[in-house]
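Trainee: here are the coordinates; sequence isn't available:
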């Protein structure tokens, strides 16, 4: 009984809209299954074992939920914590097939979720990847069903954000290797010179060019744009306004896919976070890059830092630090990422700099990366 109480207390630490810890485990066919690949879905995450009587009581309910709500965006994911591993799990799955994905867990994932010492344990994760509900022991089927319905219900769309006025003019053609893009803010005006639709999509959706697929002209045809936005909206509202401009003026329609790719993950270093919470200049993000050294000064989120680094490094960068809010970021590193002894550089590599200057760890990883597929776009924008 004491063990069950401890496990319940640990699980409750992850409530209140906290991000669900990410993991990658394998299913019975040896395929890697990542929690991150379910983003945009509602996930019923169930920790169970073949010897657990209560777990086996829940399985038919979860299979029913999977059938009933899959079309609405539900995915049930079972994580077996059987000590004997596939030796007992594979025969059980062969004899009792399930209509949802089952993977084999380990001590690491148990620790990741607070130390699961009693089974079953169930969490509901919303479409944004945050834990919305957790329960230790056999769930109340009716209560769980109501929680799922609430998470799956369509949400009212927010009012569309748009520029007050936007002037778009075709700019003179420039060779790609000499093209220069400028982006300036003047009070409530945003001015772009030599910008392509591909550039606008990348800024609006916080992705890099390599993550966008579409017609060649998206990157070669360039425009000069001057847009005025409401005085009470800040820098962080601009991406949403760009999405509206792309849809209304260029007729952009796109969809998202996810592709497993090499990437860099930002996590908290063992030494602890060395940044301070930002209290002024919120949204500030300045980047200076010379021939050998880059310098970022910002009062912004770690997620925004990841977006910026994605465009400066050789692979996408994702934020897995769990750090929320704006931070004072002062990061300087050499653009040559080599840590070779005797290297002549005034700054450390990006990997060393992240740890020593920010208390964050940047490490190679593999995971799902957003891909934007442009299904339609008009080469000539509608009139100003």
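Mentor: Yep, it's here. All values reported here derive from a predicted model rather than from experimental measurement.

Trainee: next, the contact list for residue 200, please.
Mentor: Contacts for residue 200 were tallied using C-beta atoms under 8 Å, 6 or more residues apart in numbering; they are 192, 242, 245, 246. Any C-beta I mention is one placed from the backbone N, CA and C, and that applies to glycine too.

Trainee: nearest to residue 198, of those residues?
Mentor: residue 246 (10.7 Å; C-beta to C-beta).

Trainee: quick one, phi/psi of the closest one?
Mentor: With angles defined as degrees, to the nearest 10, residue 246 shows backbone torsions of phi -60, psi -40.

Trainee: same check on residue 83?
Mentor: phi -60, psi -30.

Trainee: give me the pLDDT value at it.
Mentor: On the pLDDT scale, residue 83 is placed at 93.

Trainee: how about the residue nearest to residue 98 when sequence neighbours are not counted, phi and psi?
Mentor: Spatially, and ignoring its direct neighbours in sequence, residue 98 is nearest to residue 63 (6.0 Å; C-beta to C-beta, 6 or more residues apart in numbering). Main-chain dihedrals, residue 63, degrees, to the nearest 10: phi -60, psi -40.

Trainee: now residue 63: how far from residue 95?
Mentor: For residue 63, the distance to residue 95 equals 15 Å [C-beta to C-beta, to the nearest Å].

Trainee: looking at the two, which is more packed in?
Mentor: residue 63 (15 against 8; other C-beta atoms under 10 Å).

Trainee: hmm, that one is touching residue 97, no?
Mentor: No - using C-beta atoms under 8 Å as the test, residue 63 is too far from residue 97 to be in contact (9.5 Å).

Trainee: show me where the stretch 151-300 of the chain has helices.
Mentor: 197-205, 217-220, 238-249 (DSSP state H, counting those that start in this stretch).

Trainee: closest to residue 86 out of those?
Mentor: From these, taking C-beta to C-beta, the stretch that ends up closest is helix 197-205, at 39.8 Å.

Trainee: which residues touch residue 57?
Mentor: Per C-beta under 8 Å, 6+ apart, neighbours of residue 57: residue 138.

Trainee: about what we covered before: least confident of the contacts of residue 200?
Mentor: residue 192 (88).

Trainee: what are the bridge partners for it, then?
Mentor: residue 183, residue 225 (DSSP bridges).

Trainee: can you check residue 123 too?
Mentor: Here residue 123, judged by DSSP bridges, has bridge partners residue 45, residue 134.

Trainee: how does the chain divide into domains?
Mentor: Domains of the chain are assigned by automatic domain parsing as 2-152, 165-250, 260-368.

Trainee: select from the contacts of residue 200 the one having the most neighbours.
Mentor: Going by other C-beta under 10 Å, residue 242 tops the contacts of residue 200 with 25 neighbours.

Trainee: buried residues, the stretch of helix or strand residue 56 belongs to. List them.
Mentor: Under the criterion of DSSP states H and E, residue 56 resides in helix 53-69. By 16 or more other C-beta atoms under 10 Å, the buried positions in helix 53-69 come out as 55, 58, 59, 61, 62, 65, 66, 69.

Trainee: please state the offset of it from the chain centre?
Mentor: 29 Å (C-alpha atoms, centre = their mean, to the nearest Å).

Trainee: and the next element down the chain from that helix?
Mentor: strand 74-80.

Trainee: what does that next one contact?
Mentor: 25, 33, 35, 38, 41-50, 59, 62-63, 65-66, 89, 98, 100-105, 109, 148, 152.

Trainee: related to what we said a few turns ago, list the contacts for the residue nearest to residue 98?
Mentor: Contacts of residue 63 (C-beta under 8 Å, 6+ apart): 76, 98, 99, 100.

Trainee: relative to residue 46, how far out is it?
Mentor: Applying C-beta to C-beta to residue 63 and residue 46 gives a distance of 11 Å.

Trainee: just to revisit the earlier point, need the contacts of residue 200 in TSV with distance to residue 173, can you?
Mentor: Shown next, in TSV, are the contacts of residue 200 (distance: C-beta to C-beta, whole Å):
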residue	distance to residue 173
192	16
242	23
245	22
246	21
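
Trainee: now residue 112: closest residue in space that isn't a chain neighbour?
Mentor: In space, residue 112 is closest to residue 21, 4.5 Å off (C-beta to C-beta, 6+ apart).

Trainee: cool, thanks, talk later.
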